[in-house]
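# The following comprises the amino acid sequence and a computationally predicted model.
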Amino acid sequence: MTTTEITRTIDARGMACPGPLMALIGAIRTSQVGDVLEVLSSDEGSKTDIPAWVTKARHELVEVVAGDGYARFVVRKAR
Amino acid sequence: MPAEIVVLGGGVGGTLVANLLDKSLGRDVHVTVVDPTGMHDYQPGYLYVALGEAKGHWLTREERSLLRSGVDLAIEEAIRIHPDAGTVQLRNGGSLSWDYLVIATGARLVPELIPGLAEGSFEFYSLAGAERLAQALRGFHGGSIKVGVAGIPYKCPPAPVEFTMMVDGYLRRRGLRDRSEVELLSPLNRAFTIESASALIQPIMEQRGIGLTTFFNVESVDPAAQTVESLEGEKQEYDLLVLVPPHECAEVVKSSGLGDVSGWLPTDRTTLQVGGYDRVFALGDATDLPISKSGSTAHFEAPVIASRIASLVAGTAPTENYGGRVMCFLETGDGRATSLRFDYEHPPIPPQPNRAWHVAKWLFNRMYWETVPQGRLPERAPFTTPKEVAS
């Protein structure tokens, strides 16, 4: 579990693909550089979509943690 | 005393719910549709207007002509919903009381959210926009056409992909294709929101020489430089830019404080009740449901709401639930189309594009006015057989 301070949590559990990724993109739009966002997603597609988008958008994927029936993605807005 | 039912919005969902309730409950209910324009638009037709394949006049009718005689129509703007008091406040100063409320206010376009979008791009999500785009295409003599999405969720998810494939055919017919580039700027890492549909579509796009840039979420447009920039930090040049403008819920939902964090109505995925209110329902584009914003969705949701209200009026427990059913067509150009039939649990398995689905869409477009608003089409997706549904 990360010790990074979370600025905002997006609970996207239960949302179908591409909902969790789109929720993250929407949150990044309204965040400040340096903010740390946490996305909770039960959608399998998020495991590839979210890291791929974070890389393309040149933000930082701090960690991915498997939870009970969902995954937790921690993303720092880098620019 | 009949139960008072107020339906906000005279689009496909609102009109169908109102007609079904009046038809099934007759004098037990008094149904009023509140719509600010009193006009009903067939929005799927805008795509054809943009490509010069249809004129705008067949896409709009007076809402009154589509409602059963027992349904009242108030051509007024609803400005505030009071769910606890059971009233809706109108712009003209009056208000309506209801026992049951159906919110079918749709989605509105908010191009102003993206700097430069209104000045630098075209759209086919309004009749005026589609007519402007048709004119721009007529004056186009080659160059780069970029097609993108400036916000998710948006209405009719297949439309941008359909546009790229249909404009490809349009340019070929005009002898301009070898002088032109067509490219889809997708906000996702594939061409379309639904994975199985992307798997079918992407090879066709490749075959036609239609480019695909993935993870391109439009951030701004520079009309002078003719460039569009993404949130991901990429910049693309264009000669003609076509963008789906960002969408938001209706003002009345906002001003009533009923939207959730995303702005859409928090709607139960099976009962279609809003925000825990027993007597408030929503359908169509206004909801936050994880399913396509499309007329088809509203078409399959409307009978569920009508049935649930009918049960409540009769004093019995509602039994009908919405399972996420949607059925729509996807034009692939050259007179071919495929279909997308799915629900919450079953993703679509689109058939190979063929002429039959194109003809089916064409027929549906022609038959819409006499069938859908009146509830004359089956409430289950046509042509769906168990073997065609993914398990």
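Okay, I see it.

# For residue A:27, give its distance to chain B.
Separation of residue A:27 from chain B (CB to the nearest CB, to the nearest Å): 10 Å. In this view, the C-beta of every residue, glycine as well, is placed from N, C-alpha and C.

# I figured that residue hits residue A:9, correct?
No. At 9.5 Å, residue A:27 does not count as touching residue A:9 under the criterion of CB atoms under 8 Å.

# Please say which of the two ends up with more neighbours.
Neighbour totals were compared for residue A:27 and residue A:9, and residue A:27 leads with 21 against 14 (other CB atoms under 10 Å in any protein chain shown).

# what residues are up against the residue found closest to residue B:148 once you drop the neighbours it is linked to in the chain?
Counting by CB to CB, 6 or more residues apart in numbering or on different chains, residue B:148 lies nearest to residue B:185, which is 3.5 Å off, once chain neighbours are set aside. Taking CB atoms under 8 Å, 6 or more residues apart in numbering or on different chains as the contact definition, residue B:185 lies against B:146, B:147, B:148, B:149, B:213, B:216, B:218, B:228, B:230, B:236.

# Chain B: helices as residue ranges?
B:12-25, B:46-50, B:117-120, B:127-138, B:159-173, B:195-207, B:251-255, B:295-314, B:355-371 (DSSP state H).

# which other helices and strands contact the second one?
Of the remaining helices and strands, those touching helix B:46-50 by 3 or more CB pairs under 8 Å, 6 or more residues apart in numbering or on different chains; DSSP states H and E are helix B:127-138, helix B:159-173.

# got the angle between the last one and helix B:355-371?
It stands for helix B:159-173. If you take axes from the mean of the first three to the mean of the last three CA atoms, to 10 degrees, helix B:159-173 sits at 120 degrees to helix B:355-371.

# Show me how far helix B:159-173 is from its chain's centre.
20 Å (CA atoms, centre = their mean, to the nearest Å).

# surely residue B:91 meets residue B:79?
Yes. Look at residue B:91 against residue B:79 with CB under 8 Å: they come within range, at 5.3 Å.

# The two - which one has more neighbours?
A count of neighbours by other CB under 10 Å puts residue B:79 above the other of residue B:91 and residue B:79, at 17 against 12.

# so how far is residue B:259 from the more buried one?
As for residue B:79, its distance to residue B:259 is 15 Å (criterion: CB to CB, to the nearest Å).

# Over to residue B:137?
Distance, residue B:137 to residue B:259, using CB to CB: 36 Å.

# now do residue B:286
In this structure, residue B:286 lies at 9 Å from residue B:259, with CB to CB as the measure.

# now residue B:70
32 Å.

# who has more neighbours, these two?
Taking neighbours as other CB under 10 Å, residue B:70 and residue B:259 compare with residue B:259 leading, 19 against 16.

# So that one sits against residue B:253, correct?
Yes. Counting by CB under 8 Å, residue B:259 does reach residue B:253; the two are 5.1 Å apart.

# And the strands in chain A, which stretches?
Ranges of strands within chain A are A:8-11, A:36-41, A:60-66, A:71-76, based on DSSP state E.

# What are the contacting residues of the second one?
This means strand A:36-41. With contacts defined as CB under 8 Å, 6+ apart, strand A:36-41 is touched by A:4-13, A:15, A:20, A:23-24, A:27-28, A:31, A:46, A:50, A:62, A:67, A:70-77.

# if I look at the residue of chain A positioned farthest from its centre, how far off is chain B?
Relative to the centre of chain A, and counting by CA atoms, centre = their mean, the farthest-placed residue is residue A:68 at 16.7 Å. Distance of residue A:68 to chain B, computed by CB to the nearest CB: 21 Å.

# List phi and psi for the residue of the stretch 251-391 of chain B at minimum distance from chain A.
Proximity of the stretch 251-391 of chain B to chain A (CB to the nearest CB) peaks at residue B:290, 4.4 Å away. Residue B:290 adopts backbone torsions of phi -80, psi 60, taken as degrees, to the nearest 10.

# With residue B:186 instead?
According to degrees, to the nearest 10, residue B:186 has phi -90, psi 140.

# If I follow the layout properly, it ends up in contact with residue B:210?
No. The criterion here is CB under 8 Å, and residue B:186 misses it with residue B:210 at 11.4 Å.

# Around chain B, which positions in chain A sit nearby?
Counting by CB under 8 Å from any CB of the partner chain, the residues of chain A lying close to chain B are A:14-19, A:21-23, A:25-26, A:28-29, A:45, A:48-49, A:52-53, A:56-58, A:79.

# do that again at 10 Å, thanks
A:10-12, A:14-19, A:21-23, A:25-29, A:43, A:45, A:48-49, A:52-59, A:79 (CB under 10 Å from any CB of the partner chain).

# filter these to the buried ones?
Neighbour counting with 16 or more other CB atoms under 10 Å in any protein chain shown marks A:10, A:12, A:15-19, A:21-23, A:25-28, A:43, A:45, A:49, A:52-54, A:56-57, A:59 as buried within the residues of chain A next to chain B.

# Let me know the pLDDT of the most centrally placed residue in chain B.
With distances taken as CA atoms, centre = their mean, residue B:294 lies nearest the centre of chain B, 3.2 Å away. pLDDT, residue B:294: 93.

# what's near enough to touch the residue lying closest to it once chain neighbours are set aside?
Nearest residue to residue B:294, sequence neighbours excluded (CB to CB, 6+ apart): residue B:156, at 5.2 Å. Contact analysis of residue B:156 by CB atoms under 10 Å, 6 or more residues apart in numbering or on different chains lists B:43-44, B:46-47, B:124-125, B:162, B:244, B:285, B:292-296, B:328, B:330.

# how about the nearest residue to residue A:18, chain neighbours excluded?
Using CB to CB, 6+ apart, the closest residue to residue A:18 is residue B:188 (5.4 Å).

# Quick check: mean pLDDT of stretch B:217-231?
97.

# what about it, distance to the chain center?
On CA atoms, centre = their mean, the centre of stretch B:217-231 falls 25 Å from that of its chain.

# one step back: taking the residues of chain A next to chain B one by one, which sit in helices?
In this view, the residues of chain A next to chain B that belong to helices under DSSP H are A:19, A:21-23, A:25-29, A:48-49, A:52-56.

# Near chain A, which residues of the stretch 51-200 of chain B? Just list them.
Neighbours of chain A within the stretch 51-200 of chain B, by CB under 10 Å from any CB: B:113, B:151, B:152, B:153, B:187, B:188, B:189, B:190, B:192, B:193, B:194, B:195.
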